[in-house]
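Participant: Structure, please.
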Amino acid sequence: MGILPVTLYGDKILRKKAKKIEKIDNPVIKLIGDMFETMRNADGMGLAANQVGSDSSLFIIDLSLVKGYEKLKPMVFINPKIIGQSEEESLVEEGCLSIPDIRAKIKRPEAIKIVYNDPELKEHTLEADKLLARVIQHEYDHLQGIFFTDRLDDETLKRYKKSLLKIKNRKIEIDYPVTPKNVY
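Facilitator: This next block holds a predicted model:
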């Protein structure tokens, strides 16, 4: 296993819709392991495959360091599809490893229902709420080519325009490896 460089805002792969994983082979298993190592190295809670340069429909989550979620085992979501969501929404601050140093309050459904495959390609259905639902939605958005900043109103987004340009041009300090500009 190894730590992979994280793609940043502006990298084209982050705007592409992820491709379905048809089979689990050694490269996919290695990718999953590397993603967990990369996410933990960057102190993240979730990571989508396109955030490390893969167009695979895959994301991981580990909330075990968060109070109240210590018993939740790390999770792998392959070929996920959100199939339901609550009408109740909440406004909570989010951040992203691909958009470092920017945090903003994002409105999302409080609870969701998702269908996904595990690393053996067994299908599971999960109903999640609160933080788990939010992290799932954030990572699922990545697989659709959507950033959390895309959910901001125009006025708020304008305030972040200079910061986003700095990230795109790699003019920021980050304490985890990132891709060079224009790699993906």
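
Participant: Leaving aside the residues adjacent along the chain, what's closest to the residue most central in space within the chain?
Facilitator: Nearest to the mean C-alpha position of the chain, by CA atoms, centre = their mean, lies E139 at 3.1 Å. Counting by CB to CB, 6 or more residues apart in numbering, E139 lies nearest to F59, which is 3.8 Å off, once chain neighbours are set aside. Just so you know, the C-beta spots here come from the backbone N, C-alpha and C atoms, and that holds for glycine as well.

Participant: so the one you found makes contact with Q137?
Facilitator: No - contact criterion CB atoms under 8 Å: F59 and Q137 do not qualify, at 10.7 Å.

Participant: quick one, which of these two is more surrounded?
Facilitator: F59 (28 against 22; other CB atoms under 10 Å).

Participant: Can you tell me how far the more buried one is from L165?
Facilitator: According to CB to CB, to the nearest Å, F59 stands 27 Å off from L165.

Participant: got the CA positions of the lengthiest helix in the chain in CSV?
Facilitator: The residue-count maximum for a helix in the chain (DSSP state H) belongs to helix 26-41. The C-alpha trace of helix 26-41 is given here as CSV (Å, rounded to 0.1, in the frame of the first residue of the first chain):
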residue,chain,number,x,y,z
ASN,A,26,-5.7,-6.9,-7.8
PRO,A,27,-5.5,-3.3,-9.1
VAL,A,28,-8.9,-2.4,-7.6
ILE,A,29,-7.9,-4.1,-4.2
LYS,A,30,-4.6,-2.2,-4.2
LEU,A,31,-6.5,1.1,-5.1
ILE,A,32,-8.8,0.6,-2.1
GLY,A,33,-5.9,0.0,0.3
ASP,A,34,-3.9,3.0,-1.1
MET,A,35,-7.0,5.2,-0.8
PHE,A,36,-7.4,4.4,2.9
GLU,A,37,-3.7,5.1,3.5
THR,A,38,-4.0,8.4,1.5
MET,A,39,-7.2,9.5,3.3
ARG,A,40,-5.8,8.8,6.7
ASN,A,41,-2.5,10.5,5.9
